[in-house]
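Chemist: Take this sequence and fold it.
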Amino acid sequence: MKWLLFYPELYYFAAGIIFLLMSMAKQNNARRDYFSALFLAVLGVVICLVSIRQQGLLFFEAYRVDLFSQVFKVLLSIGLFLIISICSNLNGVAERYHPEFYLLLFLCTLAMMLLVSSVHILSIYVALELSSYSLYILVALRNDEQKGLEAGLKYFLVGIFASAVMLFGVALLYSATQATYVTEMIRVLPGVLDTPTVVIGLLLTLCGFFFKLAVFPFHFWAPDVYQGAANQATAYIATVSKVAAVAILTRMVAVSGDGSIYLVHVLVTLAIVSMTVGNLAALVQKDFKRLLAYSTVAHAGYVLIGILSMNSAGYMGAIFYVTALLFMKFTVFLVVVNVADDGRNLAISNLAGLYRRSPLLAMALMVSIFSLAGIPPTIGFTGKFLVFIAALEKGYFTLVLIAMINVVISLYYYLLILKAAYLLEPEEAQAGIQLSTPIKMLTGALVVVMVVVGIYPHHLIELTKAAAQMLN
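Modeler: Numbers count the residues shown, from 1 in each chain. I've put the predicted structure just below:
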């Protein structure tokens, strides 16, 4: 019966095999590939929801199934479904590669599900590498081979550097604790956390997760990869991969108990620099996806504020915040994919006249941008409020003050986006954007979620609080 605990992973593995077989077919059929992926993604969400309350240990206790991991698996499955829902016009990827594109999406999601449940250092590393290599190839699949291959190569080079640093950190941790299980480290680490070897080892180990989250200084790949990848691939990297990164980073920081003062100082520094560099660099961007990349770096800093609080309130705030990011960032990319329906990159100036071309997309963009900026009563405001409150309870007033200054800075470039969509007129007359009924319904649902959950966040807060308590 223990195999019931592994059903979501087995399902996504089977879905990947299906697309592997479809990739071997002689005839290409983009519609068949899309509807197959959409059906399998919907079924995956149902399976993850059904298994959300399961608990247990597998594979010699190297794999832990609890509410923390299952909540993140639900978020990953929802994220995959959302990404596939905007792949009906997958013009940024050659039709002959569509089965491989969906294969890599399912395989990467499977790897991230393995990652959030892994509690053994080696299984964490293998799952992280499987997800990373899937993304490297996914980025390189773009129609424009020069952009895709260049972005994929940069992503790969930075990734293997972060991986090597992480392996060195794992070796230091093992030499100091003689432990490979996270549960064993929880017992050993708090007593030796002030020794240089352990602090350096833990920080180097976290570098692999900082890379996934695009935390400074492991953020250099983000602008080029966001710009070089196909729009749907960029949307997946900006949303789903960040969910898994927050899950494993939170679990590893929780291992340290109340934390070493040196570890806290490093995390505070990284949070401040990530927020500041991300927001300042975004101010001068003209390409929409590059702006969103630097916005991601800034949001990684906000997430770190919750994680470095090292208490249930902080972990709960981080989980809530990354859930909010999943919906906010996806909504922005939904607009990008539909405005640039030929798969091209979108400049901010290309949004001119959007309010006339598609009032629904313009409204969705406005709500998601307001939410990213942390303006009430959106889900983004609630997420920022929770992580700031958790930090204030730990006495990090200066950190929260710097974060709030960064929020004000971010308002400038977010308002530039809305200015382009609502106040600027295109140089040439452009036709209206035709949206299918499912996309209209999805867009409306996302707007409702971002506003309603921002006003009534109680149920999501209770769920994330219960998940965070699994780390204690």
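
Chemist: In the protein, where's the longest helix?
Modeler: If each helix of the chain is counted by residues according to DSSP state H, the longest one is helix 145-177.

Chemist: list the helices and strands that helix packs on?
Modeler: Helices and strands touching helix 145-177, as assessed by 3 or more Cβ pairs under 8 Å, 6 or more residues apart in numbering; DSSP states H and E, comprise helix 121-140, helix 182-192, helix 196-213, helix 221-228. Just so you know, the C-beta spots here come from the backbone N, C-alpha and C atoms, and that holds for glycine as well.

Chemist: Let's see that with 6 Å instead.
Modeler: Helices and strands touching helix 145-177, by 3 or more Cβ pairs under 6 Å, 6 or more residues apart in numbering; DSSP states H and E, are helix 121-140, helix 196-213, helix 221-228.

Chemist: just the angle between that helix and helix 221-228, please?
Modeler: 150 degrees (axes from the mean of the first three to the mean of the last three Cα atoms, to 10 degrees).

Chemist: so residue 289 makes contact with residue 226?
Modeler: Yes. If you go by Cβ atoms under 6 Å, residue 289 and residue 226 touch, sitting 4.4 Å apart.

Chemist: So the two - more neighbours on which side?
Modeler: Per other Cβ atoms under 10 Å, whichever of residue 289 and residue 226 has more neighbours is residue 226, with 28 against 25.

Chemist: Nearest residue to the more buried one in space, please, no chain neighbours.
Modeler: The spatially closest residue to residue 226, leaving aside those adjacent along the chain, is residue 293, at 3.9 Å (Cβ to Cβ, 6 or more residues apart in numbering).

Chemist: mind listing what that neighbour touches?
Modeler: Contacts for residue 293 (Cβ atoms under 6 Å, 6 or more residues apart in numbering) come out as 222-223, 226.

Chemist: would you list these in JSON lines and tack on distance to residue 30 and pLDDT?
Modeler: JSON lines is the format used below for the contacts of residue 293 (distance: Cβ to Cβ, whole Å; pLDDT from 0 to 100):
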{"residue": "222", "distance to residue 30": "29", "pLDDT": "84"}
{"residue": "223", "distance to residue 30": "30", "pLDDT": "87"}
{"residue": "226", "distance to residue 30": "24", "pLDDT": "88"}
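
Chemist: wait, which of these is closest to residue 141?
Modeler: Distance to residue 141, by Cβ to Cβ, is smallest for residue 226 among the contacts of residue 293, at 15.0 Å.

Chemist: burial of the residue lying closest to residue 174 once chain neighbours are set aside, as a residue count?
Modeler: Spatially, and ignoring its direct neighbours in sequence, residue 174 is nearest to residue 180 (6.4 Å; Cβ to Cβ, 6+ apart). When counting by other Cβ under 10 Å, one arrives at 17 neighbours for residue 180.

Chemist: Ok, residue 395 next?
Modeler: By the criterion of other Cβ under 10 Å, residue 395 has 10 neighbours.

Chemist: mind listing what it touches?
Modeler: No contacts exist for residue 395 under Cβ under 6 Å, 6+ apart.

Chemist: Can you get me a residue count around residue 137?
Modeler: 18.

Chemist: dump the residue contacts of it.
Modeler: residue 104.

Chemist: got it, and residue 45?
Modeler: Contact analysis of residue 45 by Cβ under 6 Å, 6+ apart lists 77-78, 81.

Chemist: out of those residues, who has the most neighbours?
Modeler: Counting by other Cβ under 10 Å, top hit in these: residue 77 with 25 neighbours.

Chemist: Please verify my assumption that that one contacts residue 43.
Modeler: No. Using Cβ under 6 Å, residue 77 is not in contact with residue 43; the gap is 9.5 Å.

Chemist: Identify the bridge partners of residue 63.
Modeler: Beta-bridge pairing of residue 63 under DSSP bridges involves residue 58, residue 118.

Chemist: Need the distance between the two termini of stretch 414-432.
Modeler: End-to-end distance for stretch 414-432, by Cα to Cα, to the nearest Å: 24 Å.

Chemist: Give me the helix or strand of the protein that scores worst on average pLDDT.
Modeler: Least confident element among the helices and strands of the chain, by mean pLDDT, DSSP states H and E: helix 182-192 (a mean of 73).

Chemist: Return the set of buried residues in it.
Modeler: Of all the residues in helix 182-192, those buried under the rule 16 or more other Cβ atoms under 10 Å are 182, 184-186, 188-189.

Chemist: What ranges in the stretch 301-450 of the chain fall below the confidence cut-off?
Modeler: By pLDDT under 70, the weakly predicted segments of the stretch 301-450 of the chain are 429.

Chemist: C-alpha coordinates for stretch 380-387, CSV please?
Modeler: What follows is stretch 380-387 as a C-alpha-only set of coordinates in CSV (Å, rounded to 0.1, in the frame of the first residue of the first chain):
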residue,chain,number,x,y,z
GLY,A,380,0.7,39.9,-3.8
PHE,A,381,0.0,42.5,-1.1
THR,A,382,-1.0,39.7,1.3
GLY,A,383,2.1,37.7,0.5
LYS,A,384,4.4,40.6,1.2
PHE,A,385,2.5,41.5,4.3
LEU,A,386,3.0,38.0,5.7
VAL,A,387,6.7,37.8,5.1
